[in-house]
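Visitor: 3D, please:
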Amino acid sequence: MPFDDWELTELMSEQMRIAVTGSIATDHLMSFAGRFADQLMPDQLHNVSLSFLVDRLEIRRGGIAANICFGIAAFGLRPILVGAVGADFDDYRSWLDRHGVDTVSVHVSDLHHTARFVCTTDTDQNQIASFYAGAMSDARFIELRPIAARVGGLDLVVISPNDPEAMLRHTDECRGRGYRFVADPSQQLTRMDGPEIRRLIEGAAFLFTNEYEKSMTETKTGWSDAEVLARVGVRVTTLGPRGAIIEQAGQPPITVAAVPERGLADPTGVGDGFRAGFFAGLAWGVGLERCAQIGSLLATYVLETVGPQEYEVKPGAFYDRFAETFGDDAAAEIGHLVDAGLNS
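Guide: Below you'll find the predicted structure:
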């Protein structure tokens, strides 16, 4: 399924309706002043019992769908958050509402608390994490059609890591109703089997993974790189400090550099920031290279702050930094869009 223009001009509308499905969670972020690798004994990996004395605990708002929505809204756009939470969500909802996210379609569980993400990061920026799903399991009961009716249709549905049954249901509904969708299985690839992953990917307008997840996708589905690419419109693979690559069947790949950081704070949510910037670019109707460059800079903003929703996009500073990495001509293409979005 080629990208076929999809017509970026159709996505330029200020009223572009982007629904982001996925996890909504509270993040407990800790820092270990050492290296995990130094604590692991190769001959005892079958019998690991470790405790790390951490020197910092930060409790932040998180969850992949919420992080992506926050980033899109940071550019003055209004994404629609779709997911399930507990009755403890009121304060978090108020935060997202205040920052421009549409939270009307968030389902509140009567039985479970909002999901929790507990993560420890070492000095090499490696992470050991656990995730408690909680209310997220209720996301499988969410139907997209009423959401589309409420907002006047959906131009793009992002299916990011969530309850696996919810991801499959949302993907099937998108196909059945003709909604363009993004396949972003990420962390859930480890717990899903080949047929499920093939079901998530087939017919996606975009497929997002990192480099490791790209290889896992091909291994689990049994599809080659070319076979995966033939089944999606655009394949975006993030490469960490080496940036990202964008591929389409029959087209030369586009490579985009990472934006150098000005200090490392915490890597949690960096990939969510990249996606948010990329989708903001789609909403503005810029080309795929510019979309990825916007995502690259926003990802670095996240890397430089503790917590995935603690940064602020300021038009002048964003423009200057964008130009430093990607050049004045590239910055000129997006500068007025950033400025208009944040001053609308």
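
Visitor: quick one: A257 from P161, how far?
Guide: Between A257 and P161 the computed distance is 26 Å (C-beta to C-beta, to the nearest Å). Just so you know, the C-beta spots here come from the backbone N, C-alpha and C atoms, and that holds for glycine as well.

Visitor: So for these two, which sits in the more crowded spot?
Guide: Using other C-beta atoms under 10 Å, the more surrounded residue of A257 and P161 is P161, with 21 against 15.

Visitor: Would you list the phi and psi of that one?
Guide: phi -50, psi 130 (degrees, to the nearest 10).

Visitor: Likewise for V234?
Guide: Dihedral angles for V234 - degrees, to the nearest 10 - are phi -140, psi 130.

Visitor: Just the pLDDT for it.
Guide: We have a pLDDT of 98 for V234.

Visitor: What of Q187?
Guide: 86.

Visitor: what's the answer for the one 4 residues further on, then?
Guide: On the pLDDT scale, R191 is placed at 90.

Visitor: right, and it touches E165 too?
Guide: No: between R191 and E165 there is no contact, the gap being 11.6 Å when judged by C-beta atoms under 8 Å.

Visitor: Show me which of the two is the more surrounded one.
Guide: Taking other C-beta under 10 Å, R191 and E165 do not tie; E165 has more neighbours (13 against 9).

Visitor: pretty sure P315 is touching D339, no?
Guide: Yes: between P315 and D339 there is a contact under C-beta under 8 Å: 4.4 Å.

Visitor: Of these two, give the one with the bigger neighbour count.
Guide: Each of P315 and D339 has its neighbours counted (other C-beta under 10 Å); P315 has more, 18 against 15.

Visitor: Contact partners for the more buried one?
Guide: Contacts for P315 (C-beta atoms under 8 Å, 6 or more residues apart in numbering) come out as G335, V338, D339, L342, N343.

Visitor: Could you tell me which of those are located in helices?
Guide: Under the assignment DSSP state H, these contribute G335, V338, D339, L342 to helices.

Visitor: How about the first one: what's its closest non-neighbour residue?
Guide: Counting by C-beta to C-beta, 6 or more residues apart in numbering, G335 lies nearest to Y319, which is 4.5 Å off, once chain neighbours are set aside.
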